[in-house]
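Asker: Need a 3D model of the following:
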Amino acid sequence: MELRTVLKPVARVVNAGVMALTTAPWIGSQVSRSITEITYIGRRSGRTISTPVSFRRSGDEITIMVAIPDQKTWWRNFLGVGGPISLQLDNTGRSGHAVARRDDKGRVRVHVRLNQVN
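Answerer: Purely as a prediction, here's the structure:
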């Protein structure tokens with residue numbers, strides 16, 4: 001059995017626990033400053049996918065540093081010209097355009113430009 005198959009259910013439980021922390025009393029507001037859930041459409045599957053990520057925000061710019069990028073596939077949905085993405089910020093759903101780039105050291109960053117709120 002492939003390791004990825006074994007770890008998938010564990011990842012679901014861990015991800016659910018991480019997201020629960022963002023709404024927990026006392027610490028939720030602190031945790032949600034750097035952790036959010038992103039939602040996007042899979043480039044090959046066409047399915048809606050959601051996953052928690054760590055991020056940094058500067059105005060309408062979000063930067064997601066992908067830890068262990070070779071072990072993850074979600075960020076590949078945003079290679080090249082990128083694509084649409086949704087995320088939770090300040091208890092509000094926001095949408096934007098995400099573009100993933102790998103630097104010469106193998107690090108991956110996903111840059112999100114948030115759409116303007118009407």
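
Asker: Roughly how far does Gly80 sit from Thr48?
Answerer: 21 Å (C-beta to C-beta, to the nearest Å). Any C-beta I mention is one placed from the backbone N, CA and C, and that applies to glycine too.

Asker: show me what contacts Val66?
Answerer: Listed by C-beta atoms under 8 Å, 6 or more residues apart in numbering, the contact partners of Val66 are Val53, Lys72, Trp75, Ala100, Arg107, Val108, Arg109, Val110.

Asker: Give me the buried subset of these.
Answerer: Buried subset of the contacts of Val66 (neighbour count, 16 or more other C-beta atoms under 10 Å): Val53, Trp75, Ala100, Val108, Arg109, Val110.

Asker: what pLDDT does the fourth one get?
Answerer: To tie it back to what came earlier, the one meant is Val108. Model confidence at Val108, given as pLDDT, is 97.

Asker: Wait, it touches Ala100, no?
Answerer: Yes. Between Val108 and Ala100 there is a contact at 6.1 Å, judged by C-beta atoms under 8 Å.

Asker: Spit out the residues that contact those two alike.
Answerer: Val66, Trp75.

Asker: Any regions of this structure where pLDDT drops low?
Answerer: 1-33, 118 (pLDDT under 70).

Asker: can you give me the helices in it?
Answerer: 3-21, 28-31 (DSSP state H).

Asker: Met65: how many residues sit nearby?
Answerer: 13 (other C-beta atoms under 10 Å).

Asker: contacting residues for it?
Answerer: Ser54, Arg56, Arg107, Val108, Arg109.

Asker: Over to Val108?
Answerer: For Val108, counting by C-beta under 8 Å, 6+ apart, the contacting residues are Met65, Val66, Pro69, Trp75, Ala100, Arg101, Arg102.

Asker: Which members of those residues occur in strands, if any?
Answerer: Met65, Val66, Ala100, Arg101, Arg102 (DSSP state E).

Asker: Does the third one touch Gly82 like I think?
Answerer: Yes. Using C-beta under 8 Å, Ala100 and Gly82 qualify as a contacting pair, with a distance of 7.0 Å.
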